[in-house]
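*Asks:* What follows is a predicted structure for the sequence shown.
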Amino acid sequence: MADKTVTIKQTGSPIRRPKDQRATLVGLGLNRIGRTRTLKDTPEVRGMIRKVSHMVEIVEG
């Protein structure tokens, strides 16, 4: 059985955001608008996505 994954895309800029939100984006492997990453769908990753939900979107497909 394959592990579930989630694909996220950065849609917002980390400029003028708190350091912890910028660090969360780096932890997710994002640092530029338009960049996408596919990560394992774990509770830890979901929590990170929730923290910066105003700067990322979940890509379907």
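*Replies:* Nice, thanks for sending it over.

*Asks:* Alpha carbons only: can I get stretch 30-43 in CSV?
*Replies:* This file holds the C-alpha atoms of stretch 30-43, laid out as CSV (Å, rounded to 0.1, in the frame of the first residue of the first chain):
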residue,chain,number,x,y,z
LEU,A,30,9.2,26.3,-0.2
ASN,A,31,10.9,29.6,-0.6
ARG,A,32,9.5,31.1,-3.9
ILE,A,33,6.0,31.9,-5.1
GLY,A,34,4.9,29.2,-7.5
ARG,A,35,7.2,26.5,-6.2
THR,A,36,5.5,23.1,-5.4
ARG,A,37,6.5,20.2,-3.2
THR,A,38,5.0,16.7,-2.7
LEU,A,39,5.3,15.6,0.9
LYS,A,40,4.1,12.7,3.0
ASP,A,41,0.6,13.3,4.4
THR,A,42,1.4,13.2,8.1
PRO,A,43,-0.2,15.2,11.0
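
*Asks:* Return the distance of it from the chain's centre.
*Replies:* How far stretch 30-43 lies from its chain's middle: 4 Å, per C-alpha atoms, centre = their mean, to the nearest Å.

*Asks:* Buried residues of that stretch, list them for me.
*Replies:* For stretch 30-43, burial by neighbour count (16 or more other C-beta atoms under 10 Å) applies to 30, 37, 39. All C-beta atoms are positioned from the backbone trio N, CA, C, and that covers glycine.

*Asks:* Quick one: low-confidence residue ranges for this protein.
*Replies:* Low-confidence segments of the chain (pLDDT under 70): 1-2, 61.

*Asks:* Output the buried residues of stretch 30-43 as CSV; include the columns secondary structure and distance to residue 10.
*Replies:* Shown next, in CSV, are those (DSSP: H, G, I helix; E, B strand; the rest coil; distance: C-beta to C-beta, whole Å):
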residue, secondary structure, distance to residue 10
30, coil, 4
37, strand, 9
39, strand, 13
